[in-house]
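1. curious how this folds, go ahead:
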Amino acid sequence: MPAERNASPSELSALREVAVTVAREAADHVRARRGELFGPPGSDGTDSVRTKSTHTDPVTVADTESEDLIRARLRELRPGDAFLGEESGSSEATGTGETGVCWVVDPIDGTVNFVYGIPASAVSVAAQVDGRSIAGAVVDITSGDTYSAALGAGATLTDARGTETPLRCNPVTDLGMSLVATGFSYTPGRRAHQGAIVAALLPRVRDIRRIGAAALDLCMVAAGRVDAHYEHGLNPWDWAAGALVAAEAGATVRVPEGFGDAGEITVAAAPGIAVAFNELLAELGANDAAPN
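-> Residues are numbered from 1 along each chain as shown. Purely as a prediction, here's the structure:
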């Protein structure tokens with residue numbers, strides 16, 4: 001699929017179906033593995049956890065198993081596509097990369113929540129062409145809810161019983177009455193910068209929520225469970241599926257180019273507050289990259 005042409009509706013539908021299928025299978029696996037690896041919430045489970053960027057940034061056995069499962073299934077369903085995963089990086093391991101499609105995967109978004117038994121983690125799978133998301137799915141590991149979208153085809157929420165609901169952002173127009181989600185880096189310097197922005201933002205909005213899984217935050221904008229989300233330093237696997245779901249539900253969305261090392265901002269806001277929210281972010285200096 002050359003990047004210079006638009007995918008047909010049938011291609012987009014097929015990619016969306018693949019994203020939903022493999023994300024659900026991975027979420028089912030991860031859900032079953034949590035009890036095996038950690039026992040009840042609050043159990044230690046240290047043998048199943050190592051760290052990545054900092055000592056507070058964990059990756060579990062379930063993360064790597066989930067990514068391996070997704071890669072293997074994509075190799076079966078989409079031979080010829082490329083692959084970008086949080087744990088293994090970029091490769092053409094699903095095939096030759098000849099199609100122009102790259103699958104961008106977060107095998108467990110919200111790993112800290114997963115380790116602690118907090119019910120806010122997800123599997124995120126998106127198909128991109130030339131860095132642009134064109135189909136994707138985010139599956140809430142605990143509930144089994146599936147958020148999915150394809151470019152120009154809208155976004156839906158399908159619950160564990162199979163009931164499908166179209167997604168639309170809240171019709172909110174008053175920024176002061178808006179519920180805003182955000183997240184924080186694992187590096188102390190960037191966290192301090194983000195904390196200062198939150199402190200300045202908090203008196204200007206209804207309230208702040210810190211869920212701990214950016215993919216779910218973005219889907220919550222789509223579902224009207226929050227009115228906006230912003231975060232610095234997200235990588236493509238964090239936003240690839242969720243940002244598409246939010247945009248297809250009517251949100252105004254900004255995503256960074258490339259990876260999150262520079263600390264650039266990702267924003268999704270309901271259309272009625274998008275201009276005001278982005279102006280406020282600019283006023284607070286939040287549009288600038290957050291330093292490490």
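2. output the lowest mean pLDDT helix or strand found in the chain.
-> strand 49-51 (a mean of 55; mean pLDDT, DSSP states H and E).
3. quick one: the residue nearest the centre of the chain and residue 12, what's the gap?
-> Centroid check for the chain by Cα atoms, centre = their mean gives residue 215 as the closest residue, at 2.3 Å. Look at residue 215 and residue 12: by Cβ to Cβ, to the nearest Å, they are 20 Å apart. Where you see a C-beta, it was placed from the backbone N, CA and C, and this is true even at glycine.
4. show me where the stretch 1-150 of the chain has strands.
-> Counting by DSSP state E, counting those that start in this stretch, residue ranges of the strands within the stretch 1-150 of the chain are 49-51, 58-60, 82-85, 89-91, 101-109, 122-129, 132-140, 146-150.
5. can you name every helix or strand that the third one contacts?
-> Read it as strand 82-85. Here strand 82-85 touches helix 61-77, strand 89-91, strand 101-109, helix 236-248, going by 3 or more Cβ pairs under 8 Å, 6 or more residues apart in numbering; DSSP states H and E.
6. and residue 19, which of these is closest to it?
-> Among the helices and strands packed on strand 82-85, the nearest to residue 19 by Cβ to Cβ is helix 236-248 (7.0 Å).
7. could you point out which element follows the closest one?
-> strand 252-254 (DSSP states H and E).
8. scan this protein for its longest helix.
-> helix 9-38 (DSSP state H).
9. show me which residues of that helix are buried.
-> 11-12, 14-16, 18-20, 22-27, 29-31, 33-34, 37-38 (16 or more other Cβ atoms under 10 Å).
10. ok, now stretch 130-145?
-> 133-142, 145.
11. determine how far it lies from the middle of the whole chain.
-> With Cα atoms, centre = their mean, to the nearest Å as the basis, stretch 130-145 stands 7 Å off its chain's centre.
12. over to stretch 117-134?
-> Distance, centroid of stretch 117-134 to centroid of chain: 5 Å (Cα atoms, centre = their mean).
13. quote the end-to-end distance of it.
-> Its start and end residues considered, stretch 117-134 measures 32 Å (Cα to Cα, to the nearest Å).
14. just stretch 136-151 next, same as before
-> Stretch 136-151 end-to-end distance (Cα to Cα) = 9 Å.
15. one more: stretch 123-143?
-> End-to-end for stretch 123-143, by Cα to Cα: 12 Å.
16. right, and residue 276 touches residue 177 too?
-> No. Checked against Cβ atoms under 8 Å, the pair residue 276 and residue 177 is beyond contact range at 11.3 Å.
17. so those two - more neighbours on which side?
-> A direct count of neighbours by other Cβ atoms under 10 Å for residue 276 and residue 177 places residue 276 higher, at 17 against 13.
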